[in-house]
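Visitor: My questions are about this predicted structure, shown below with the sequence.
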Amino acid sequence: KQEVTQIPAALSVPEGENLVLNCSFTDSAIYNLQWFRQDPGKGLTSLLLIQSSQREQTSGRLNASLDKSSGRSTLYIAASQPGDSATYLCAVNGGATNKLIFGTGTLLAVQP
Amino acid sequence: NAGVTQTPKFQVLKTGQSMTLQCAQDMNHNSMYWYRQDPGMGLRLIYYSASEGTTDKGEVPNGYNVSRLNKREFSLRLESAAPSQTSVYFCAILARDKINTEAFFGQGTRLTVV
């Protein structure tokens, strides 16, 4: 059974810092991995999607990497801003069943 | 997110009452999902539908039923609501093209069972 873990559960950083969020998964037979952002009381917004054949994806200040063999993904946020404060969730798509399995998320607070 | 619409946005039920959460997509994709989100537990899959007319159980299906009436709509029904079903419910679709498979979510339904 696929299990997805995110570390840390919560993170507080001063504005301007670069930071890394971690996601690990137990079954490397994934189709892709997706990072989401969730603001309080809101739905999920897709940030980056990495196919199993890819090593990384970039969008603006965000960079996500994928090491499928070790079951790990990282989300790198450069020059963090207070507007980045949110919960960040990773989810793996197991492919055959097309089920998205989520981690429990990292709550990020960027202090001005 | 654009393309996935959930109703209602908020609902309060008394224990034992029933209700149906509605989800509709205008993106013409086959796969649709219902998740619940609880503090400290992330999103857990309740039911999913790979295509019109098919449904399958996810991680936490007990107490729920679903209906995939057509390609566009996927509803979640609570026949006899319990306080343990207090949660935020999200509908999602999995959009596939030749290269990517990407998930899109509705804005959620906040359900409180008292």
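Guide: It's in.
Visitor: Next to chain A, which bits of chain B? Give me the list.
Guide: Residues of chain B lying near chain A by CB under 8 Å from any CB of the partner chain: B:1, B:31, B:33, B:35, B:40-45, B:48, B:50, B:58, B:90, B:92, B:94, B:99-108. Quick note: C-beta positions are derived from backbone N, CA and C, even for glycine.
Visitor: Run through the residues that contact residue 105.
Guide: No chain was given, so I picked chain A. A:6, A:9, A:38, A:87-89, B:42 (CB atoms under 8 Å, 6 or more residues apart in numbering or on different chains).
Visitor: should've been chain B
Guide: So residue B:105 contacts A:36, A:43-44, B:1, B:4, B:90-92 (CB under 8 Å, 6+ apart).
Visitor: Which among the residues of chain B next to chain A count as buried?
Guide: With burial judged by 16 or more other CB atoms under 10 Å in any protein chain shown, the buried subset of the residues of chain B next to chain A is B:1, B:31, B:33, B:35, B:42-45, B:48, B:50, B:58, B:90, B:92, B:94, B:101-108.
Visitor: ok so, going back, which of the contacts of residue B:105 fall within strands?
Guide: Of these, the ones assigned to strands by DSSP state E are A:36, A:44, B:4, B:90-92.
Visitor: For ChimeraX, write the selection for the buried entries among the contacts of residue A:105.
Guide: A single ChimeraX command selects the buried members of these (16+ other CB under 10 Å):
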select /A:6,38,87,88,89 /B:42
